[in-house]
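**Q** no sequence on this one, just coordinates:
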């Protein structure tokens, strides 16, 4: 009898222990599923960068516009698509005017420009949202054998307006000057005209849609001069000319000493949503801003010690 009672007590004790253990397991499952899992999922959905990092972004985007920003956007798109195999992003050039026109009429998702939309009279700037991805310095670029390394603003204007036609007039080689321009729709041209030529319009010369082609022509044409973004100075096939004794460097742009620079704008028609927002958030992430941006010759906007508005006014930060 005592033995039966002892066995019954042991069975009851074991059952109580099992019930208690099950109760604890249920509580742990509730905490994990509601508090932790639910919160993590919600945060990932809200943050575009997290979606991209997780490889969850999908869909397609078409970007067009400034060739000055094209290398940066193309590199960012390539990295983004590697992390998000279900996303397809096409980056086209064509000039800032084209990018602004196409994003305004809805034919592309993002219009890249190195001028403010307000600077283009035909663009409904009030409908567009500006995303300043980076800053780019621009300057006069010449064939390496022109015989000078520095040019004054006064002489640069004389060269581009056709008043000076041979490098020997500036103490350089006895070589006829060939002008290489971008079309009127180009943001690079607008920036160069405004801040390097003091508004003077260039004389007729060779006109090319792409900065890549401009660089190639300058490198292959003795006596040629054009203008390029710093990001195209990847080798010694063209010569960046100092302007008024100031070198074309990032530091001189961020300090405000070198005046020829522009924001790299990515415009959307209204506030971005879906893949467009996720991609633009990714382009503003630390990985892109502090690694890809400087590696490709651009300047993070946060490094600037000066700022500029759509009217061209530059002020210290």
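**A** Looks like it arrived, so ask away. All values reported here derive from a predicted model rather than from experimental measurement.
**Q** for residue 293, see how far away residue 217 is.
**A** To residue 293, residue 217 is 27 Å away according to Cβ to Cβ, to the nearest Å. No exception for glycine: its C-beta is placed from N, CA and C like everyone else's.
**Q** look at these two and report which has more neighbours.
**A** Shown here are residue 217 and residue 293; by other Cβ atoms under 10 Å, residue 293 has more neighbours (26 against 17).
**Q** wait, a strand at the more buried one?
**A** No - Residue 293: not assigned to a strand; according to DSSP: H, G, I helix; E, B strand; the rest coil it is helix.
**Q** how is the chain partitioned into domains?
**A** Per automatic domain parsing, the domain ranges recorded for the chain read 50-136+263-316, 137-254.
**Q** quick one, phi psi at the residue nearest the centre of the chain?
**A** Centroid-nearest residue in the chain, with Cα atoms, centre = their mean: residue 133, separated by 4.4 Å. With angles defined as degrees, to the nearest 10, residue 133 sits at phi -70, psi -40.
**Q** quick one, what contacts it?
**A** With contact set as Cβ atoms under 8 Å, 6 or more residues apart in numbering, residue 133 has these partners: 69, 72-73, 264-266, 280, 283-284, 301.
**Q** which one of those residues is nearest to residue 168?
**A** Nearest to residue 168 out of the contacts of residue 133 is residue 69 (Cβ to Cβ; 36.6 Å).
**Q** and that closest one, how many residues sit next to it?
**A** 31.
**Q** cool, and residue 308?
**A** The number of residues packed near residue 308 is 18, by other Cβ under 10 Å.
**Q** can you pull the phi/psi pair for it?
**A** Backbone torsions of residue 308, given as degrees, to the nearest 10, read phi -140, psi 140.
**Q** tell me the contacts of it?
**A** By Cβ under 8 Å, 6+ apart, the contact list for residue 308 reads 261-263, 314-315.
**Q** can you give me the strands in the stretch 51-200 of the chain?
**A** Taking DSSP state E, counting those that start in this stretch as the criterion, the stretch 51-200 of the chain contains strands spanning 59-65, 87-94, 110-113, 128-142, 150-151, 178-181.
**Q** and residue 196, how many residues sit next to it?
**A** If you count neighbours by other Cβ under 10 Å, residue 196 ends up with 21.
**Q** if we ignore the residues flanking it in sequence, what's nearest it?
**A** Spatial nearest neighbour of residue 196, excluding adjacent residues (Cβ to Cβ, 6 or more residues apart in numbering): residue 260 at 4.7 Å.
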